[in-house]
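In: Okay, here's the prediction I keep looking at, along with the sequence it came from:
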Amino acid sequence: MFDSRAADLLSKGYYKERLEPDECKYLLTFRDRSPEAAMAVSLADRLTRSECKSTGLLVAEIPVSTGPCPVGCRFCKWAESTTDSLFWDIDGDDLARRCRELGAFSDVRRIRLSTIGDADIGRLAELAGIAADSAPKGTEIYVDTRDLDASEAGTLKDAGVTGAYHSVRLGEGTETGVSAEKRLDTIRTLISAGLRTVAGTGPIGPEHTPKEIVDLFYATDGMGCDGMQVYPREPAEGAPLCGNGKILPARMSQIRAVLTLAMSRYDFPAFEPTAARSSRAETWRTSSTARTEKKSSGRPAGSCSMPATTESPGLTASVPTSPWHT
């Protein structure tokens with residue numbers, strides 16, 4: 001028998017009513033193969049396809065600096081205690097070539113430049129400028145880099161960077177070398193600098209509880225982020241947390257679905273062609289600085305049941321994430 005409270009909560013999320021953290025935690029107490037989990041995935045998939053007009057965003061990630069990272073995250077393959085790799089920085093000509101190649105054969109609309117945790121922000125700004133000049137007109141340039149201050153965020157903005165990804169990791173301060181508050185401060189700094197900011201929650205492993213995941217996810221709610229994402233942990237050979245294994249795909253789909261429904265009250269990003277740019281180029285339908293919260297149209301009067309759907313449960317979309325999640 002389908003849980004009646006879960007039915008009501010899933011209906012709330014689908015009809016863009018606010019889901020509280022405790023309600024999300026409740027939805028994540030069900031097994032990943034349960035009817036409640038399957039319905040969460042199905043409704044999130046249906047809602048996302050409807051709101052985004054079945055159109056996704058193609059993102060290309062280009063690592064621009066790698067090597068032993070001093071932050072020392074216990075899940076990361078680039079941690080100084082884990083890797084035996086050498087330092088490497090991309091050459092400007094190589095980056096320009098890669099950006100031109102991406103524009104020549106694909107519909108990539110965003111290029112993300114990723115670094116390890118001791119990046120030279122001045123150099124990253126230079127590379128962002130090269131990427132912006134080399135990619136097709138209208139391509140967004142994002143960065144995924146270390147914690148930074150207001151001056152550094154301004155440098156990236158002035159260089160033509162559109163936005164940034166920044167994660168608050170599970171186990172921040174114990175499994176990583178930085179505090180959760182520092183990560184949150186950087187997100188605020190990025191937003192204040194006018195950079196569209198996507199806040200990440202992860203990397204999620206099989207040992208993490210609904211409380212840990214949901215509390216961290218909601219820590220960035222209301223900050224003015226342009227988007228929020230959750231992502232699984234990829235076991236890195238030699239890393240201390242590698243032995244904990246990887247979360248099952250079905251469980252990860254359930255988590256993504258519940259948190260998608262939790263954020264349904266915000267405008268969903270959608271890309272629509274504009275005459276001023278090439279046929280591949282698109283533009284945000286929503287605010288250019290932050291997602292806006294919608295007023296719910298409400299569920300049908302007297303209804304506490306879920307909307308009918310015949311769609312099969314599927315994965316909700318997620319922007320690709322880097323292997324080190326700086």
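Out: Looks like it came in fine.

In: and E172, what is it in contact with?
Out: 178-180, 183 (Cβ atoms under 8 Å, 6 or more residues apart in numbering). Yep, even glycine has a C-beta here, placed from its N, CA and C like the rest.

In: Write a PyMOL command that selects only the buried members of the residues you listed.
Out: In PyMOL, this line selects whichever of the contacts of E172 come out buried by 16 or more other Cβ atoms under 10 Å:
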select buried, resi 178+180+183
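
In: Out of the contacts of E172, list just those in helices.
Out: Here DSSP state H is the test, and the contacts of E172 give 180, 183 as lying in helices.

In: Can you tell me which of the contacts of E172 is nearest E51?
Out: Here the nearest of the contacts of E172 to E51, counting by Cβ to Cβ, is R183; it sits at 28.4 Å.

In: Which residue, other than its chain neighbours, is closest to that closest one?
Out: Nearest non-adjacent residue to R183, counting by Cβ to Cβ, 6 or more residues apart in numbering: V168, 4.4 Å away.

In: ok, how many other residues are close to the residue nearest to W88 when sequence neighbours are not counted?
Out: Here the nearest residue to W88 in space, its sequence neighbours aside, is T66; by Cβ to Cβ, 6+ apart that works out to 5.1 Å. Residues within reach of T66, counting by other Cβ atoms under 10 Å, total 20.

In: ok, now which ones touch T66?
Out: Taking Cβ under 8 Å, 6+ apart, one finds 78, 85, 87-88, 116 in contact with T66.

In: Give me the pLDDT for it.
Out: You'll see T66 listed with a pLDDT of 93.

In: same question, A308
Out: 41.

In: circling back to that earlier point, save the contacts of E172 as CSV, and put in distance to G224 and pLDDT too.
Out: Listed next are the contacts of E172 as CSV, based on distance: Cβ to Cβ, whole Å; pLDDT from 0 to 100:
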residue, distance to G224, pLDDT
V178, 22, 96
S179, 21, 97
A180, 18, 97
R183, 16, 98
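
In: all helices of the stretch 151-300 of the chain, in order?
Out: 180-192, 210-218, 249-262 (DSSP state H, counting those that start in this stretch).

In: quick one: which of those is nearest S54?
Out: helix 249-262 (15.2 Å).

In: Now do the buried residues in the closest one.
Out: 251-262.

In: what packs against that helix?
Out: helix 4-14, helix 21-27, helix 35-51, strand 196-204, helix 210-218, strand 227-232 (3 or more Cβ pairs under 8 Å, 6 or more residues apart in numbering; DSSP states H and E).

In: got TSV for the ones you listed, with distance to G163 too?
Out: Below are these laid out as TSV (distance: least, Cβ to Cβ, whole Å):
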stretch	distance to G163
helix 4-14	26
helix 21-27	26
helix 35-51	20
strand 196-204	3
helix 210-218	19
strand 227-232	9
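
In: Tell me which of these is the most buried.
Out: Among the helices and strands packed on helix 249-262, strand 196-204 has the highest mean neighbour count (mean count of other Cβ atoms under 10 Å), at a mean of 25.

In: what's the angle from that one to helix 249-262?
Out: 140 degrees (axes from the mean of the first three to the mean of the last three Cα atoms, to 10 degrees).

In: I would like the residues contacting strand 196-204, please.
Out: For strand 196-204, using Cβ under 8 Å, 6+ apart, the contacting residues are 75, 142, 162-170, 187, 190-191, 213, 216-217, 220, 223-234, 247, 252, 255, 259, 288-289, 319, 321, 325.

In: Can you dump the C-alpha atoms of that strand in PDB for me?
Out: Provided in PDB are the C-alpha atoms of strand 196-204 (Å, rounded to 0.1, in the frame of the first residue of the first chain):
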ATOM      1  CA  ARG A 196      25.700  32.900 -11.700                       C
ATOM      2  CA  THR A 197      26.500  30.300  -9.100                       C
ATOM      3  CA  VAL A 198      25.500  26.600  -9.000                       C
ATOM      4  CA  ALA A 199      25.800  25.200  -5.500                       C
ATOM      5  CA  GLY A 200      26.800  21.500  -5.300                       C
ATOM      6  CA  THR A 201      26.000  19.000  -2.500                       C
ATOM      7  CA  GLY A 202      28.200  15.900  -2.400                       C
ATOM      8  CA  PRO A 203      30.000  13.700  -3.000                       C
ATOM      9  CA  ILE A 204      27.300  11.300  -1.800                       C
END
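
In: what pLDDT, on average, does it get?
Out: 97.

In: what helix or strand is the residue found closest to G92 once you drop the neighbours it is linked to in the chain on?
Out: Take G92 and drop its neighbours on the chain: the residue closest to it by Cβ to Cβ, 6+ apart is I130, 5.1 Å away. Secondary structure assignment for I130, by DSSP states H and E: helix 121-134.

In: Let me see the mean pLDDT of that helix.
Out: For helix 121-134, mean pLDDT is 98.

In: Right, I'll leave it there.
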